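Colleague: I'll drop the sequence and a predicted model, then ask my questions.
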Amino acid sequence: EAGVVQSPRYKIIEKKQPVAFWCNPISGHNTLYWYLQNLGQGPELLIRYENEEAVDDSQLPKDRFSAERLKGVDSTLKIQPAELGDSAVYLCASSRTREGTQYFGPGTRLLVL
Amino acid sequence: GQNIDQPTEMTATEGAIVQINCTYQTSGFNGLFWYQQHAGEAPTFLSYNVLDGLEEKGRFSSFLSRSKGYSYLLLKELQMKDSASYLCAVSYNTDKLIFGTGTRLQVFP
C-alpha cells in the first residue's frame, strides 16, 4: 500500500511570495490532516478534512493560509503571502476514519527568506 | 489545556533498555499514540493504547494508566538506528490529536 505522498519536498521562497503544497493521502482514507511542525516541536494541526469538508480549521491562520480538498482525495495548502515565521515543515497525514491511526507523509520543508 | 509532557532529551547505550515517559491531562481522553520520527523524516506510527496495561510489539512496548494520565514507551535491546525523536500524542473527545514536543533519544555505541 502506497503511503501519503507530498510535494514538493523542499521549497525556498522570498517573503511575500505565494507557495503551495500538495498531498495525496493513502487510498481509501477519508480523513486528511495538515500539520505544521517547527524544529524541536511536535506537529500542530492546521486543518482536518472529512472527505471534502473542512471540519476543523480553527488553527489555520485564515488571513494568509487556505486549503482545499475538492474531490475528497488530494489536497493543497496555500500560503499567500508567506512570512519569515512560516518557515517550518508542513506535514500531511491521513486516516481511514477520524478515530483511526494517522499516517504521515514525508513533509514539505519550507524556508522563507 | 491539554498539556502533554515528556522529557526533551535522553541518552542510552546500544543494547540497553530505555523508558520514555509521557504525562497528559485526563479530561476527555480517548487514546494515546507513540510515533517515531527520524531527523528530516515523517513521524511513523509505533503504538496505540486505549486501555490500561502494557502492549508489547517486538523490542518496543507501550504502557498506559488512564487514571494517572501516564504512559511510557519502553525500548529494549537498543540499536543505533533507534536514535530518533519519540512523540507522545493524545486523542481527546474533540477528535483532535495533540502532540507532545517529543523526546530526542541518542543511542551511543
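Modeller: Arrived safely, thanks for sending. Numbers count the residues shown, from 1 in each chain, chains lettered A, B, ... in the order given.
Colleague: find the nearest non-adjacent residue to A:L32, please.
Modeller: In space, not counting the residues next to it along the chain, A:L32 is nearest to A:Y49; the distance is 4.4 Å by Cβ to Cβ, 6 or more residues apart in numbering or on different chains. Just so you know, the C-beta spots here come from the backbone N, C-alpha and C atoms, and that holds for glycine as well.
Colleague: name the element the one you found belongs to?
Modeller: Here A:Y49 sits within strand A:44-50, counting by DSSP states H and E.
Colleague: quick check: next helix or strand after that strand?
Modeller: Using DSSP H and E, the helix or strand that follows strand A:44-50 towards the C-terminus is strand A:53-56.
Colleague: what are the buried residues along that following strand?
Modeller: By 16 or more other Cβ atoms under 10 Å in any protein chain shown, the buried positions in strand A:53-56 come out as A:A54, A:D56.
Colleague: what's the next secondary structure element after it?
Modeller: Counting by DSSP H and E, the element after strand A:53-56 in chain order, helix or strand, is strand A:65-68.
Colleague: pLDDT (mean, whole number) over that following strand?
Modeller: Strand A:65-68 comes out with an average pLDDT of 96.
Colleague: chain center to it, what's the gap?
Modeller: Its chain's C-alpha centre lies 9 Å from the corresponding centre of strand A:65-68 when counted by Cα atoms, centre = their mean, to the nearest Å.
Colleague: buried set for that strand?
Modeller: Going by neighbour count (16+ other Cβ under 10 Å), the buried part of strand A:65-68 is A:F65, A:S66, A:A67.
Colleague: then stretch B:46-66 to PDB, C-alphas only?
Modeller: As requested, C-alpha coordinates have been extracted for stretch B:46-66 and formatted as PDB (Å, rounded to 0.1, in the frame of the first residue of the first chain):
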ATOM      1  CA  LEU B  46       4.600   2.800  16.700                       C
ATOM      2  CA  SER B  47       1.800   2.000  19.100                       C
ATOM      3  CA  TYR B  48      -1.700   2.900  20.300                       C
ATOM      4  CA  ASN B  49      -3.100   2.400  23.800                       C
ATOM      5  CA  VAL B  50      -6.700   2.900  24.800                       C
ATOM      6  CA  LEU B  51      -6.900   0.500  27.800                       C
ATOM      7  CA  ASP B  52      -4.700   0.300  30.900                       C
ATOM      8  CA  GLY B  53      -1.800  -2.000  30.700                       C
ATOM      9  CA  LEU B  54       1.200  -3.000  28.600                       C
ATOM     10  CA  GLU B  55       1.200  -3.500  24.800                       C
ATOM     11  CA  GLU B  56       4.200  -5.300  23.500                       C
ATOM     12  CA  LYS B  57       5.400  -5.200  20.000                       C
ATOM     13  CA  GLY B  58       8.800  -6.700  19.400                       C
ATOM     14  CA  ARG B  59      11.500  -4.600  21.000                       C
ATOM     15  CA  PHE B  60       9.000  -1.800  21.700                       C
ATOM     16  CA  SER B  61       6.300  -1.800  24.400                       C
ATOM     17  CA  SER B  62       3.900   0.900  25.500                       C
ATOM     18  CA  PHE B  63       2.100   1.200  28.800                       C
ATOM     19  CA  LEU B  64      -0.900   3.200  29.800                       C
ATOM     20  CA  SER B  65      -2.500   4.200  33.100                       C
ATOM     21  CA  ARG B  66      -5.700   6.200  32.300                       C
END
